[in-house]
Structure formats: C-alpha cells, structure tokens
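Q: need a 3D model of the following:
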Amino acid sequence: MALSTKKTSLFPVLLLILLVKTAAIVWIRRFRPNPPSQYSYLGDDYPRAWPIPMTGPVHMPLENTVRYAIESPEADEEWRSMSPNDGIIHLGKHRRPFSISMFHQLRCIDILRKEMWLAQTTGVTKPDSMLNRHCVNYLRQMMFCTADSTLDVVRGPIAHPLVVPEFFTYSPTWRDRQH
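A: The predicted structure is shown next:
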C-alpha cells in the first residue's frame with residue numbers, strides 16, 4: 001500500500017516536470033530559427049530563397065545622397081561595398097555558389113553606371129553588349145516581378161514631371177516577397 005501511495009504522489013510531480021519541459025521546448029523553438037533544411041544543393045535540390053530568418057517590415061528613408069554617385073573618386077568603392085563577395089554565397093556541404101537576386105540587381109545597376117560613365121568621358125560605347133542587354137532585361141523583369149504599387153506624388157508640369165516619393169516607404173521583408 002505504501003508503494004502505491006508513493007507512485008500516486010510522484011505522478012503530479014512527474015506530470016508537472018513534463019509540462020514544464022514541453023513548454024520550455026515550445027518557447028525555445030518559437031524564438032530560434034528553423035533548423036537547416038536537408039537540401040543536398042545538388043541539381044534542383046535547393047531552396048528558392050536564401051534560408052535566413054527575416055523579421056518584420058523595413059522602413060527606409062528615400063533621399064538624395066552624395067553617396068553612390070555615377071562618378072567620383074569614391075564611387076567605385078561605394079558601389080562595390082554594397083555587394084560583398086560580388087553577392088555570391090556558398091551553401092551546402094559542397095559549398096555550391098548562388099547569387100542573391102538583390103545583389104545581382106545591384107551589380108547590374110553598377111555595370112550600367114560604369115558603361116554610362118565610360119561613354120560620357122571617352123565617347124566609347126559598347127552598343128548593345130551582351131552584358132548590358134542582360135542587365136537591362138534582368139532589371140526590367142525584376143521590377144515587374146516585385147512591382148511596388150505605392151503612389152508617388154507628381155509635381156510640376158506633366159510634360160516634365162517631378163516625381164516625389166514619400167520620405168519613408170514600407171518594404172515587406174524579402175521572405176514576404178517570395179510568397
């Protein structure tokens with residue numbers, strides 16, 4: 001009889017320990033990023049978006065800046081600094097290289113910037129080069145795929161409109177754009 005009483009008095013304690021442990025596991029998993037997926041990164045077996053946690057919206061000031069000029073002593077370095085490692089990341093056991101779309105877009109803008117500056121300063125152009133054509137088409141397609149329907153204010157005559165975007169814009173997280 002004493003053994004039976006001991007077992008029944010342990011049951012609530014064990015149940016409480018189990019509940020606390022379960023709650024702790026649920027709480028920890030809620031704030032920890034998902035474990036790395038089991039992609040092989042061979043052939044088509046890879047995620048379509050960079051598997052990093054993204055949280056909340058991003059509010060970004062829209063402003064003219066002296067940074068990222070078309071030409072200046074610092075321009076090339078400023079543009080290069082926006083795409084670390086040329087925007088290439090390596091994923092998986094075999095370190096397969098991937099380009100992040102955002103960095104690809106920035107590289108294309110930089111390529112077109114350099115071509116424009118070269119044409120302005122030397123008069124030498126590479127009409128319709130494969131790289132320029134790729135960049136223009138890629139940027140056009142990306143703008144259509146991730147189109148922003150925010151209304152920007154137009155000031156001035158319609159023949160030569162001055163478009164004034166709001167000071168702050170809402171950008172959904174990159175992950176939200178994938179769905």
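Q: for this structure, which segments count as helices?
A: For the chain, helices defined by DSSP state H occupy the ranges 2-31, 75-81, 101-122, 130-145, 174-177.
Q: burial measure for Ser99, as a count.
A: 14 (other Cβ atoms under 10 Å). Where you see a C-beta, it was placed from the backbone N, CA and C, and this is true even at glycine.
Q: that one contacts Leu91, doesn't it?
A: No. Using Cβ atoms under 8 Å, Ser99 makes no contact with Leu91, being 11.5 Å away.
Q: quick one: low-confidence ranges for this protein?
A: Scanning the chain for pLDDT under 70 picks out 1-10, 13-16, 18, 20, 23-37, 127, 166-179.
Q: try it again at 50.
A: Flagging of the chain using pLDDT under 50 yields the residue ranges 33-35, 174-175, 177-179.
Q: look up how far Leu42 lies from the closest residue to Gly156 other than its chain neighbours.
A: Leaving aside its chain neighbours, Gly156 sits nearest to Leu162 (4.2 Å; criterion: Cβ to Cβ, 6 or more residues apart in numbering). Relative to Leu42, Leu162 is positioned 52 Å away (criterion: Cβ to Cβ, to the nearest Å).
Q: distance check, Pro97 against Met82.
A: Here Pro97 is placed at a distance of 19 Å from Met82 (Cβ to Cβ).
Q: no no, Gly56
A: As judged by Cβ to Cβ, Gly56 and Met82 stand 22 Å apart.
Q: higher neighbour count, those two?
A: The neighbour count for Gly56 versus Met82, taken as other Cβ under 10 Å, is higher for Met82 (15 against 8).
Q: does Asp45 really touch Tyr39, like I thought?
A: Yes. Here Asp45 reaches Tyr39: they are 5.4 Å apart, a contact under Cβ under 8 Å.
Q: who's more crowded, those two?
A: Applying other Cβ under 10 Å to Asp45 and Tyr39 shows that Tyr39 carries more neighbours, namely 14 against 11.
Q: so the more buried one sits right up against Gly92, yeah?
A: Yes. With contact defined as Cβ under 8 Å, Tyr39 reaches Gly92; the gap is 6.5 Å.
Q: overlap in contacts of the two?
A: Tyr46 (Cβ atoms under 8 Å, 6 or more residues apart in numbering).
Q: run a quick neighbour tally on Ile100.
A: Other residues near Ile100 number 15, with proximity taken as other Cβ under 10 Å.
Q: could you do Trp50 as well?
A: Trp50 - counted by other Cβ under 10 Å - has 15 other residues nearby.
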